[in-house]
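Enquirer: Build me a structure from this.
(chains A, B and C)
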Amino acid sequence: MSAAAQARTTWFERFAGSIRALMRVLRIIVRDPGLAFAVGLILLLGLIAVLGPVVWNKDPLEIDIGNILAPPSASSPMGTDDVGRDVFARFNQGARISLAVGAAVVVIAGTVGVLIGIAAGVFGRWVDAALMRMVDALLAFPALVLAMAVTVGLGIGLKTATVGIILPSIPFYARLMRSEVIQVRSAVYVEAAAALGAKRGRIIARHVFPNAMTSVPILAAANFGFAILTMAALGFVGLGAQVPTPEWGTMITEGQQYIVTGGWWVSLFPGIGVLLAVVAGSLLADRARDMVDPRRERDI
Amino acid sequence: MSTSVAEHGQGAGLSPEHGGHVLRVAGLQSEFRSRRGTVKAVRAVSLELEPGQRVGIVGESGSGKSAFALSVLGLLEPPGYVVGGEVILNGRNIAELDDRQMQTVRGKEISIVFQDPMSALNPVKTIGQQITETIRKHQPQLGKKGARAAAIELLRDVEVPAAGRRIDDYPHQYSGGMRQRVMIAIALANQPNVLIADEPTTALDVTTQAQVLTLLDRLVTERGTAVILITHNLGIVAQFCDVVYVMYAGRVVERAATADLFAHPVHPYTEALLRAVPRPDQLAQGPLPSIPGAPPNLAEVAPGCSFESRCPLGRGHKLCRTEVPVSTAAIGFGSGGATAECHFAKERVAEYLDGDATTA
Amino acid sequence: MLKLVLTRTAASLVAIFGASILAFVLLRVAPADPARLLAGPFATEEVVEAQRVALGLKDSLVSQYFRYIGDFFQGDWGFSFSVGRPVIDQIGSRLPASIELGLYAFIFALVGAVICALLATYRRRRAVDHTINGFALFGLGTPPFWLALIVLLVFFGILDILPGPEGRLSPRQEAPPEVTRMYTIDALLAGQLGTFFDAGKHLLLPALVLGFAPWAFFFRLLRASLLEVSGEQYLATARSKGIRRWTAFRRHALPNAFLPTLTAAGLIFAALLAGSVLVESVYQWPGLGALVRDGVIEQDYAVVQAFILIGAFAYVVVNLVVDILYGVIDPRTRTGSAVTK
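Expert: Predicted coordinates:
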């Protein structure tokens, strides 16, 4: 067999292998209604975020004074708000913002937290002590209060609000990774001490990585929901996105004064958006956790 | 390990003509239901127990021993269910009683000692609270003080040192052996007729095992309590029991007086079990013999003998694969009443009798 | 025991110290002009200058930090320019309303969680369990301010059976004589049943909404804990004594299951604190949370900053108390071995 043919086979096998892995994941998802529901929700919201603004090409910022607080109709499925903007267009744009915030928080807080946790676990001693005290300081604030402190101090807006949500998220990743590294380190330590010193790091990495590959995404799913909920809360309080940005929390605020006087649709739909996104995240985390840890068989 | 079994207990051996059973279980069936199917854990098990008698139930883990014990007490929790059979205790069928009626039976007429004393006691209640709970339930006339005094007396009886002081300790302040003594005290608090001891010493270290077993021996002899001892340790059975039931895959595959069973195992599974016991004098002869294969999946019971796939005797016999062997009386030696569920039981007994005859 | 209290307290002090530095950096060092931030955009230059002097912005960071912390512990939490009152007075006058609301929300959450956890686990009915579980998932995911609006729409706007967003009492209802400044309690003390029911009606929606997320937290923890405990052997032991199933559960499972959920008290407090900011303003509830949101809208950040510091401080204290309480209640940490006694 020629080298080229061999390369082709491996390429093909690798492709087939990944397809098989994908099928396996799909099968797991389909078999678990809760998981399927969560994944479906996230896909749906993702679809709305990506395609919504393209398909429904009304301008979410366009004011139409002649058409204020119009109830849902064919021309505006979610009605219009108090200055005549199309709520559906704003909802779609809001999905984009919320999912982007959720993703940004998960990626940045996850990366920073994981690195802090690894550093604390690997180096131990004073590095560990110093890093963990920093983490404790972050944990000394209720999450929303810390996010408020960041936005008040650094200036109000979507970006600082995202930073404000990232900070209280970091400790969870850091603590998780630290405990996993320490667990492996204490187990590996004895045998590794006898083996070559240089290999210790690699052994730890090899043992930590597979665990982290499941536990970090689970945490991330929950964190994703938390981020979207907190962003909406900051928007509602007035510390997040500013008018006229169509962020879901801000949109709920805009509809607040009209809700009992008949303009319920302005607040209702963005709230449902937040609710679905957060429920999807929590449900995904729940189901994944139960699946990974058989001891947590939570079924009755 | 001594096999002298005839010294203790009123009923040494099986005597089928004896009608005075304190406990008679007939055809008891239990199963565990799950979405993946139903596991038949106890498949028509019968058992007789005379007053003061000690019966041993041996078998591997998963053979249905513990499910049997819980089923007798009516303590099987969903997804486990008792689906058939009778449990005649002191002349009445307690399998028919509802939970309210069972409350006067459990802890008073029949009680149980569980395997792991670490988890069988509530960690946030004192030892005293946990002993008096059962005394106050069944002897309310004693009152609070009387129950406490009785509890201290019980603790003394199970040889817990400084009982008067240690009654107010929490379980974590007791060692494993001490906790098992407490469990025995709880079980015997109301002088039950029957005590089920489910692997009472398995979780303990070897020296403690012996002490606890000796203690149990003394206590039940003094009180005339009949005991069902569930264990996988044949040494304990030899030391403690009058009669042995061997369980396999939810069935009693053989029963015999202890001495007979050790001398002449009829069922090939029993024989294999006995061979798997380490004997110090044979350790030099290589690895311990083990039973090849694994017990059958009780969720989908195949026709035929459940031991067939692991059996050294039945190899190739069609009968073993198609028909469930019936319980066959192993007549001919010992005190009688022995049975085995094997298609070859008769041949095996005959072989033994021949062998005994030639050596005699 | 004493050792436990001391180590926990020391750890909390370190956390408070770290948090105070974080707050100082975020609120004093990071902003371009902290004095302008506190005085608000509409303040005159004299007011801002006075603020600069008060903050001592030209001193070294270290002495600024100590003044910052010293002021906080002396109750000097700044001056609210939009109202023209010291922040501490404002917070003091708003606190009882928030405490009353939080208290009822907490009771709803606690009682509801216990009942639901028992319903979900005791009889082992899968359908009941799934239903309540799903509901709890919504509890975690629902934005409280949005839910506040929706239930307002339903019970006031559509059904009109509960009062609208008008605060703690109907407009014409007079407040009961001040004792605890919690209207339901004061009304009962004064024997004014009418006032009591009016206050209760006004409390119902906000307390339920505020309690929803804490209920969900609590329920999920308690349920998991109960499931774990109900598989424990000591329940079977209790039953083998002839104890009724429910009695065994009540005596042996419930207290043991409660113990781990105690650690969630901090989380629940945080949810109530954050929730107050989000829910109170919807109902025009004259509490601390509404004050904070008004502060944000009017850019009167002295109030917001004080709330941040108080919130963090109270949070650490709650966690500390819970930690110590846990040690006191659990005999495994409370007592050493009798052998070593």
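Enquirer: C-alpha only now, for contacts and for neighbours.
Expert: Noted.
Enquirer: Please state the backbone phi and psi of the residue nearest to residue B:31 when sequence neighbours are not counted?
Expert: What sits nearest to residue B:31 in space, not counting adjacent residues and going by CA to CA, 6 or more residues apart in numbering or on different chains, is residue B:40, at 4.3 Å. Here is the backbone geometry of residue B:40 (degrees, to the nearest 10): phi -90, psi 100.
Enquirer: How much space separates residue B:40 from residue A:149?
Expert: Per CA to CA, to the nearest Å, residue B:40 is found 61 Å from residue A:149.
Enquirer: Which helix or strand contains residue 185?
Expert: All of this refers to chain A. Secondary structure from DSSP states H and E places residue A:185 in helix A:158-194.
Enquirer: um, chain C though
Expert: Going by DSSP H and E, residue C:185 is part of helix C:183-189.
Enquirer: on contacts alone, who are the packing partners of that helix?
Expert: If contacts are counted by 3 or more CA pairs under 8 Å, 6 or more residues apart in numbering or on different chains; DSSP states H and E, helix C:183-189 sits against helix C:193-230.
Enquirer: wait, does the helix it packs on contact chain B?
Expert: No. On the criterion CA under 8 Å from any CA of the partner chain, helix C:193-230 is out of touch with chain B, staying 10.1 Å away.
Enquirer: can I assume residue C:69 is in contact with residue C:20?
Expert: Yes. Residue C:69 sits in contact with residue C:20 when judged by CA atoms under 8 Å, with a separation of 7.4 Å.
Enquirer: pLDDT score for residue A:63?
Expert: Note on residue A:63: pLDDT of 82.
Enquirer: Same question for residue A:195.
Expert: Looking at residue A:195, its pLDDT stands at 56.
Enquirer: picking up where we left off before, how far does the helix or strand following the helix holding residue A:185 sit from its chain's centre?
Expert: Later in the chain than helix A:158-194, the nearest helix or strand by DSSP H and E is helix A:199-237. Relative to its chain's centre, helix A:199-237 lies at 9 Å (CA atoms, centre = their mean, to the nearest Å).
Enquirer: What is helix A:199-237 packed up against?
Expert: When contacts are defined as 3+ CA pairs under 8 Å, 6+ apart, helix A:199-237 sits against helix A:87-123, helix A:143-154, helix A:158-194, helix A:248-256, helix A:265-292, helix C:265-279, helix C:288-297.
Enquirer: got the angle for the fourth one vs helix A:87-123?
Expert: Translated: helix A:248-256. Inter-element angle recorded for helix A:248-256 and helix A:87-123: 140 degrees (by axes from the mean of the first three to the mean of the last three CA atoms, to 10 degrees).
Enquirer: Could you measure from residue B:343 over to residue B:326?
Expert: 8 Å.
Enquirer: ugh, wrong one, I meant residue C:219
Expert: 53 Å.
Enquirer: now swap in residue C:259 and tell me
Expert: Per CA to CA, residue C:259 is found 53 Å from residue B:326.
Enquirer: Looking at these two, which is more packed in?
Expert: Between residue C:259 and residue B:326, counting by other CA atoms under 10 Å in any protein chain shown, residue C:259 is the more crowded of the two (17 against 14).
Enquirer: you'd agree the more buried one is in a helix?
Expert: Yes. Under DSSP: H, G, I helix; E, B strand; the rest coil, residue C:259 falls within a helix.
Enquirer: Which residues are in contact with it?
Expert: When contacts are counted by CA atoms under 8 Å, 6 or more residues apart in numbering or on different chains, residue C:259 touches C:326, C:329, C:330.
Enquirer: Work out which residue lies at the spatial centre of chain A.
Expert: With distances taken as CA atoms, centre = their mean, residue A:224 lies nearest the centre of chain A, 2.0 Å away.
Enquirer: I'd assumed residue A:103 was in contact with that residue.
Expert: Yes. Using CA under 8 Å, residue A:224 makes contact with residue A:103 at a distance of 6.7 Å.
Enquirer: ranges for the strands of chain C?
Expert: C:79-80, C:85-86 (DSSP state E).
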